[in-house]
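> 3D, please:
(chains A and B)
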Number of protein chains: 2
Amino acid sequence: MAGDRAGDYRILHEADLRDCLAGQPKLAALLGGEPAAWSITEVGDGNLNLVFIVKGARGGVAVKQALPYVRLVGESWPLPLSRAHYEYLALSKQAELAPGLVPALLHHNETLALTVMELLEPHIIMRKGMVAGTQYLRFVDDITTFMARTLFFSSDLALSAAEKKEAIAAFAGNHALCKITEDLIFTDPYRIAEQNRWTAPYLDGLAAHLRDDMDLHVAVSRLKLKFMASPEALLHGDLHTGSIMVTESETRVIDPQFAFYGPMGFDVGAVLANLLMAYFASAGHERAPGERQVFEGWVLDTVEQVWNEFSRKFLDLWRSEARGDAYPPALFAGEKGAARLEAERQAYMQRLFADTVGFAAAKTIRRIFGLAHNIDFELIEDSRKRAISEARAVRLARGMMVEAVAFRTIADVTGAARKLRDWMPELSS
Amino acid sequence: MAGDRAGDYRILHEADLRDCLAGQPKLAALLGGEPAAWSITEVGDGNLNLVFIVKGARGGVAVKQALPYVRLVGESWPLPLSRAHYEYLALSKQAELAPGLVPALLHHNETLALTVMELLEPHIIMRKGMVAGTQYLRFVDDITTFMARTLFFSSDLALSAAEKKEAIAAFAGNHALCKITEDLIFTDPYRIAEQNRWTAPYLDGLAAHLRDDMDLHVAVSRLKLKFMASPEALLHGDLHTGSIMVTESETRVIDPQFAFYGPMGFDVGAVLANLLMAYFASAGHERAPGERQVFEGWVLDTVEQVWNEFSRKFLDLWRSEARGDAYPPALFAGEKGAARLEAERQAYMQRLFADTVGFAAAKTIRRIFGLAHNIDFELIEDSRKRAISEARAVRLARGMMVEAVAFRTIADVTGAARKLRDWMPELSS
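Below you'll find the model as predicted:
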């Protein structure tokens, strides 16, 4: 592929991309037939990048190119192309740690900030399926394997301190992407910021209340500090249901461009938050009362199982694969040592659960008052109904962030969500 | 200076060093007179490096060269020369953040792992002065300024997240030095390890008890994990009274070769631990009962003031110089916001105090059961007396590590120390 010298970056258009791919014999063979006959479609609906689907006589590929700015906003918000490097690095590591749960990497061009991957077909973005009320029965097992393995094996429980420090340093340069999270998730929704938006006028009062809620500001600031200064493991960094592609029988995690070393609870919390938002949004998608009851039950079961299975798998790995420098086995020898270490594992998971609950809350609030919203709520056409669903989600999130003591188990979370299913918030008008 | 190509490292002997220094016009001028007339003395009494004092007709310099192994142990324990690079980096940063509190840097040669510094005269190693019962009245103000400024200005409270990540990465390569701490402080004293030693036979029972104390093993393992995975600020990394040179009117912090981004409490705890050990050792240095009472009172006052003044200065910096990404001012606007942020600052210091107490305990126990001991205890010739002083220090340390609830303020620490001053431990025999 042309363009391997620095400074040769250019935004690829169809003809250019066709030439690029044709120049790679393996890709050309995979696509098959005459390059001129390949179909090329730009399908990127994310916030940051170009995504092309290319199909030939034999097969297809997905091509992702980073733009030098935030696609959602435009050239006024520049963003380094290096994120494609970190995405490639993370995808490679995830493929090694959680085989079969990320798209296969076919080609990477650093200069063009371009990655060619397996075309996932007929997978769809999980969030779209959930808006439609589809249940994904493989999801719990796959996502918990993905999280348990990528988080455990990149942590101090599995790595030597030296390996860990080198891995942290390898991702340190991705700070522009971290900064997006720091601003859009942990800061802007709690202050007046130009890019904020919410379902007005109904949530005007709630938005003002959030900007004035100092307990919440302290809680979210502690989470922000943890996000910035707790490199526990290699995070996906943006693990919402829009970063997961599914069929009934397969799950693939995509788009790890926000990857860096951070607190594990941020990834786990992202998954839980997006399930909980799907739950609260569901009422807004009903055409008849109770129509989506089975789906909603599945969502809350999934919330519980995601935590429980993640926790079980993570603990199993810890019991069998702990070759890292943390908790040295020599300090926990014998029956007494084994029992005490097992108790400490449970305590560790309890601390991780508390982080998870907090991060899930932050991920929820930003989708309702910040820049980037999600279609779970956005596709509820009746804005009053949308505001009601959103207010329920925010009420749960506010509690999860501030009243930690009320959320000691995942059943506390789903129980509180269930109680809020039909709660009627006071709306502004 | 010769030797700037990679691979040109060699251990400097007197003649070689003389040529090196003579080749640097500024250093030659500073020393003055004929190079042949310079006196060169190797004075290194630390565990890792060569240290030369060079004196000429006009002035003197101190020259430090890293050896490719641990000096204390020999060539069988290799250690990377790169530590001289990190020491130089840390010293430069400390000179910027805490001017006048570290030796002035005169020259650095990366290939030779060699640094030339201001000769500190008539400064002595603080630990030696304390063994002799000397009070240092500048110490509290100087060491708390050093810690408050180096820790605050390298933290998320003062830096942007991007600057912080880059700074963490810049020190990530110093992991071999971190590993020494991880092994010798947080692991070996709690297990059977060849390099451990203690005052036998008197402390045999206590050593066995420590190896069997699972509450202690959990506590020290949590501290180890925090040491490995909480890059809060640029630490000195070895801030004991042997790394501090003093006169009655001056304080200089030396030897930051263990520098890396870690938890702030590790540095503060190191200072407190070494003061507390000096306190407990003092009884062993008495020639007549009560002879060192005033000195001992000063030591405990100093323990209290080190925490209180550090805390006060750190908080003052936070109130006036918080330009970092943590705790965004926009989230704490107005009178209510200011009050809530101030409460959070106090809560932050409370968490830092808890870390400090734990790390101080770990630093104490390693000096009594691990590889590297200190002269506070070692110079007590009567080994039974030494064991008694050491057992008192260990009793306090064990409580500080495990019974966190009993040590909420620095007065709880000094109060407990005072009660143990004349406590008679059961010794093995």
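> residue boundaries of the strands in the stretch 151-300 of chain A?
With strands called from DSSP state E, counting those that start in this stretch, the stretch 151-300 of chain A shows them at A:233-235, A:244-246, A:251-253, A:260-262.
> Pull out the buried residues from stretch A:136-148.
A:Tyr136, A:Phe139, A:Val140, A:Asp142, A:Ile143, A:Thr144, A:Thr145, A:Phe146, A:Met147, A:Ala148 (16 or more other C-beta atoms under 10 Å in any protein chain shown). To be clear about C-beta, it is placed using only N, CA and C from the backbone, and glycine gets the same treatment.
> which two in the residues you listed are spaced the farthest apart?
Maximum pairwise distance in the buried residues of stretch A:136-148, criterion C-beta to C-beta, is 18.2 Å, between A:Tyr136 and A:Ala148.
> Mind putting the strands of the stretch 151-300 of chain A into a markdown table with mean pLDDT, mean neighbour count and distance to A:Val131?
Shown next, in a markdown table, are the strands of the stretch 151-300 of chain A (pLDDT from 0 to 100; neighbours: other C-beta atoms under 10 Å in any protein chain shown; distance: least, C-beta to C-beta, whole Å):
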| stretch | mean pLDDT | mean neighbour count | distance to A:Val131 |
| --- | --- | --- | --- |
| strand A:233-235 | 98 | 28 | 26 |
| strand A:244-246 | 97 | 24 | 13 |
| strand A:251-253 | 98 | 22 | 18 |
| strand A:260-262 | 98 | 26 | 29 |
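> so which helix or strand takes in the one residue in the stretch 1-150 of chain A that gets nearest to chain B?
Distances between the stretch 1-150 of chain A and chain B by C-beta to the nearest C-beta are smallest at A:Pro80, namely 10.8 Å. Of the helices and strands defined by DSSP states H and E, none includes A:Pro80.
> Quick check: can you list the domain ranges of chain A?
Domains of chain A are assigned by automatic domain parsing as A:14-118, A:124-420.
> which one of those is the most hemmed in?
domain A:124-420 (a mean of 20; mean count of other C-beta atoms under 10 Å in any protein chain shown).
> Now do the end-to-end distance for that one.
29 Å (C-alpha to C-alpha, to the nearest Å).
> Remind me which helix or strand the residue nearest to A:Leu272 when sequence neighbours are not counted belongs to.
Of all residues not flanking A:Leu272 in the chain, A:Ala360 sits nearest, at 4.4 Å (C-beta to C-beta, 6 or more residues apart in numbering or on different chains). In the assignment (DSSP H and E), A:Ala360 maps to helix A:334-369.
> Would you state the helices of the stretch 101-250 of chain A in chain order?
Counting by DSSP state H, counting those that start in this stretch, the stretch 101-250 of chain A has helices at residues A:126-131, A:139-153, A:161-171, A:175-184, A:204-212, A:214-229.
> Specify the residue positioned farthest from the middle of chain A.
Most distant from the centre of chain A: A:Gly334, at 40.3 Å, with distances by C-alpha atoms, centre = their mean.
> about what we covered before: determine the set of other helices and strands touching whichever helix or strand comes after the helix holding A:Ala360.
Sequence order places helix A:375-378 as the next helix or strand after helix A:334-369, per DSSP H and E. Applying 3 or more C-beta pairs under 8 Å, 6 or more residues apart in numbering or on different chains; DSSP states H and E, one finds that helix A:375-378 contacts helix A:126-131, helix A:264-285, helix A:383-402.
> got JSON lines for those helices, with mean pLDDT too?
Shown next, in JSON lines, are these (pLDDT from 0 to 100):
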{"stretch": "helix A:126-131", "mean pLDDT": "97"}
{"stretch": "helix A:264-285", "mean pLDDT": "98"}
{"stretch": "helix A:383-402", "mean pLDDT": "98"}
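> what does stretch A:59-67 contact?
A:11-12, A:17, A:21, A:27, A:30-32, A:44, A:48-54, A:79, A:81, A:83-84, A:87, A:103, A:106, A:112-121, A:257 (C-beta atoms under 8 Å, 6 or more residues apart in numbering or on different chains).
> starting at the chain centroid, how far to it?
Averaged C-alpha coordinates place stretch A:59-67 at 20 Å from its chain's average position (C-alpha atoms, centre = their mean, to the nearest Å).
> picking up where we left off before, ok, which of the strands of the stretch 151-300 of chain A comes nearest chain B?
Closest approach to chain B among the strands of the stretch 151-300 of chain A is made by strand A:260-262 (8.1 Å; C-beta to the nearest C-beta).
> that older thread, out of the strands of the stretch 151-300 of chain A, which is closest to A:Arg287?
Nearest to A:Arg287, of the strands of the stretch 151-300 of chain A and by C-beta to C-beta, is strand A:244-246 at 23.6 Å.
> Walk me through which strands that closest one pairs with, and which way each runs.
strand A:124-125 (antiparallel), strand A:251-253 (antiparallel) (DSSP bridges).
> Tell me if I'm right that A:Thr241 and A:Met126 touch.
Yes: between A:Thr241 and A:Met126 there is a contact under C-beta atoms under 8 Å: 4.4 Å.
> A:Leu91 touches A:Val253, doesn't it?
No: at 9.2 Å, A:Leu91 does not count as touching A:Val253 under the criterion of C-beta under 8 Å.
> got any residues that touch both of those two?
Common neighbours of A:Leu91 and A:Val253 (C-beta under 8 Å, 6+ apart) are A:Val102.
> which residue sits closest to A:Ala162 in space, ignoring its chain neighbours?
Per C-beta to C-beta, 6+ apart, closest to A:Ala162 is B:His175, 4.0 Å.
> What of A:Asp8?
A:Thr111 is the one closest to A:Asp8 (C-beta to C-beta, 6+ apart), at 5.1 Å.
> before we move on, what SS does A:Phe52 have?
strand (DSSP: H, G, I helix; E, B strand; the rest coil).
> ok, what's across the strand from it?
Beta-bridge partners, per DSSP bridges, of A:Phe52: A:Glu42, A:Val63.
> Those residues of the stretch 51-200 of chain A touching chain B, which are they?
A:156, A:161-162, A:164-166, A:168-169, A:172-173, A:175-176, A:178-179, A:182, A:187, A:190-191 (C-beta under 8 Å from any C-beta of the partner chain).
> ignore the last one, the stretch 301-429 of chain A
A:325-328, A:330-333, A:336-337, A:340-341, A:344.
> follow-up on the earlier one: so how far is chain B from the residue nearest to A:Leu272?
Between A:Ala360 and chain B the computed distance is 20 Å (C-beta to the nearest C-beta, to the nearest Å).
> pretty sure that residue contacts A:Ala270?
Yes: taking contacts as C-beta under 8 Å, A:Ala360 lies within contact range of A:Ala270: 7.3 Å.
> right, and the helices of the stretch 101-250 of chain A - which one's nearest B:Trp318?
Closest to B:Trp318 of those, according to C-beta to C-beta: helix A:214-229, at 12.7 Å.
> Show me what that closest one is packed against.
By contact count (3+ C-beta pairs under 8 Å, 6+ apart), the secondary structure elements abutting helix A:214-229 are helix A:175-184, helix A:334-369, helix A:383-402, helix B:161-171, helix B:334-369.
> contacts for it?
Applying C-beta under 8 Å, 6+ apart, the set of residues contacting helix A:214-229 is A:178, A:181-182, A:186-187, A:190, A:210, A:262-263, A:265-266, A:355, A:358-359, A:362, A:365, A:398, A:401-402, B:156, B:161, B:164, B:230-232, B:325-328, B:331-332, B:336-337, B:340-341, B:344.
> same deal with stretch A:324-344?
A:155-161, A:164, A:322, B:182, B:187, B:190-192, B:212, B:214-215, B:217-218, B:220-221, B:224-225, B:228.
> again, 7 Å this time
A:155-161, B:182, B:187, B:190-191, B:214, B:217-218, B:221, B:224-225, B:228 (C-beta atoms under 7 Å, 6 or more residues apart in numbering or on different chains).
> go on, stretch A:76-88?
Contacts of stretch A:76-88 (C-beta under 7 Å, 6+ apart): A:9, A:48, A:66, A:68-70, A:108, A:110, A:113-115, A:171, A:173-174, A:176-177, A:256-257, A:259.
> Ok, stretch A:28-47 next?
A:14, A:17-18, A:21-22, A:50-59, A:61, A:70-72, A:255, A:372.
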